[in-house]
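**Student:** okay, here's the prediction I keep looking at, along with the sequence it came from:
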Amino acid sequence: KHHHVWWLGIAFQFLAALLDIASFGYAPAALLSCMGAMTLVFNLWLAPALCGEVLSARDTRVNALVFVGTLVSLWFGPHETPTY
(Lines give C-alpha, C1' and ligand atoms only; values in the text may rest on other atoms or scores of the structure.)
Protein backbone atom coordinates (compact mmCIF):
# COMPACT_ATOMS: atom_id res chain seq x y z
CA LYS A 1 0.00 0.00 0.00
CA HIS A 2 2.60 2.55 1.07
CA HIS A 3 5.55 0.62 -0.32
CA HIS A 4 6.72 3.50 -2.55
CA VAL A 5 6.72 5.94 0.39
CA TRP A 6 8.91 3.55 2.36
CA TRP A 7 11.48 3.40 -0.44
CA LEU A 8 11.40 7.18 -0.74
CA GLY A 9 12.14 7.42 2.98
CA ILE A 10 15.07 5.02 2.66
CA ALA A 11 16.45 7.05 -0.26
CA PHE A 12 16.21 10.30 1.71
CA GLN A 13 17.88 8.65 4.72
CA PHE A 14 20.76 7.50 2.52
CA LEU A 15 21.11 10.96 0.96
CA ALA A 16 21.05 12.59 4.40
CA ALA A 17 23.83 10.27 5.58
CA LEU A 18 26.00 11.21 2.60
CA LEU A 19 25.39 14.91 3.17
CA ASP A 20 26.15 14.46 6.85
CA ILE A 21 29.53 12.92 6.06
CA ALA A 22 30.32 15.63 3.51
CA SER A 23 29.39 18.40 5.94
CA PHE A 24 32.27 17.56 8.29
CA GLY A 25 34.60 19.18 5.77
CA TYR A 26 32.80 22.52 6.01
CA ALA A 27 32.00 23.11 9.69
CA PRO A 28 33.29 22.16 13.15
CA ALA A 29 32.07 18.81 14.45
CA ALA A 30 30.80 20.50 17.63
CA LEU A 31 28.23 22.40 15.58
CA LEU A 32 27.31 19.53 13.29
CA SER A 33 26.62 17.15 16.16
CA CYS A 34 24.05 19.61 17.53
CA MET A 35 22.34 19.68 14.16
CA GLY A 36 21.64 15.97 14.53
CA ALA A 37 19.04 16.85 17.16
CA MET A 38 17.05 18.61 14.47
CA THR A 39 16.12 15.16 13.15
CA LEU A 40 13.87 14.82 16.20
CA VAL A 41 12.28 18.19 15.51
CA PHE A 42 11.56 17.42 11.86
CA ASN A 43 10.24 13.94 12.67
CA LEU A 44 7.80 15.40 15.17
CA TRP A 45 6.64 18.05 12.68
CA LEU A 46 6.12 15.46 9.94
CA ALA A 47 4.53 12.72 12.07
CA PRO A 48 0.98 14.13 11.96
CA ALA A 49 1.06 14.61 8.19
CA LEU A 50 2.74 11.35 7.21
CA CYS A 51 1.61 8.94 9.92
CA GLY A 52 -1.57 10.50 11.22
CA GLU A 53 -0.18 10.72 14.74
CA VAL A 54 -1.66 13.12 17.25
CA LEU A 55 0.86 15.21 19.16
CA SER A 56 0.40 15.86 22.85
CA ALA A 57 1.19 19.13 24.58
CA ARG A 58 4.18 17.41 26.18
CA ASP A 59 5.52 16.38 22.75
CA THR A 60 5.28 19.98 21.60
CA ARG A 61 7.01 21.36 24.71
CA VAL A 62 9.86 18.87 24.54
CA ASN A 63 10.27 19.51 20.82
CA ALA A 64 10.47 23.26 21.48
CA LEU A 65 13.12 22.62 24.15
CA VAL A 66 15.23 20.57 21.71
CA PHE A 67 14.84 23.28 19.05
CA VAL A 68 15.85 26.10 21.41
CA GLY A 69 18.76 24.04 22.78
CA THR A 70 20.02 23.45 19.26
CA LEU A 71 19.80 27.15 18.43
CA VAL A 72 21.69 28.09 21.61
CA SER A 73 24.38 25.50 20.85
CA LEU A 74 24.76 26.81 17.32
CA TRP A 75 24.86 30.44 18.47
CA PHE A 76 27.51 29.96 21.17
CA GLY A 77 29.45 27.06 19.65
CA PRO A 78 32.80 27.29 17.85
CA HIS A 79 32.62 28.83 14.41
CA GLU A 80 36.02 27.97 13.07
CA THR A 81 37.87 24.70 12.90
CA PRO A 82 41.36 24.73 14.44
CA THR A 83 44.20 23.56 12.28
CA TYR A 84 46.64 21.15 13.93
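**Tutor:** Ah, there it is.

**Student:** so which elements touch the helix or strand containing residue 22?
**Tutor:** In this assignment (DSSP states H and E), residue 22 forms part of helix 3-23. Helices and strands in packing contact with helix 3-23 are not found; criterion 3 or more Cβ pairs under 8 Å, 6 or more residues apart in numbering; DSSP states H and E. To be clear about C-beta, it is placed using only N, CA and C from the backbone, and glycine gets the same treatment.

**Student:** run the chain-centre distance for it.
**Tutor:** Centroid separation between helix 3-23 and its chain, computed with Cα atoms, centre = their mean, to the nearest Å, is 13 Å.

**Student:** now stretch 29-42
**Tutor:** Using Cα atoms, centre = their mean, the mean C-alpha position of stretch 29-42 is found 5 Å from that of the whole chain.

**Student:** next helix or strand past the helix or strand bottoming out on mean pLDDT in the chain?
**Tutor:** Among the helices and strands of the chain, helix 29-35 carries the lowest confidence by mean pLDDT, DSSP states H and E, at a mean of 80. Scanning the chain past helix 29-35 towards its C-terminal end, the next helix or strand to appear is helix 38-51 (assignment: DSSP H and E).

**Student:** buried sites along that next one?
**Tutor:** Within helix 38-51, the residues that count as buried by 16 or more other Cβ atoms under 10 Å are residue 44.
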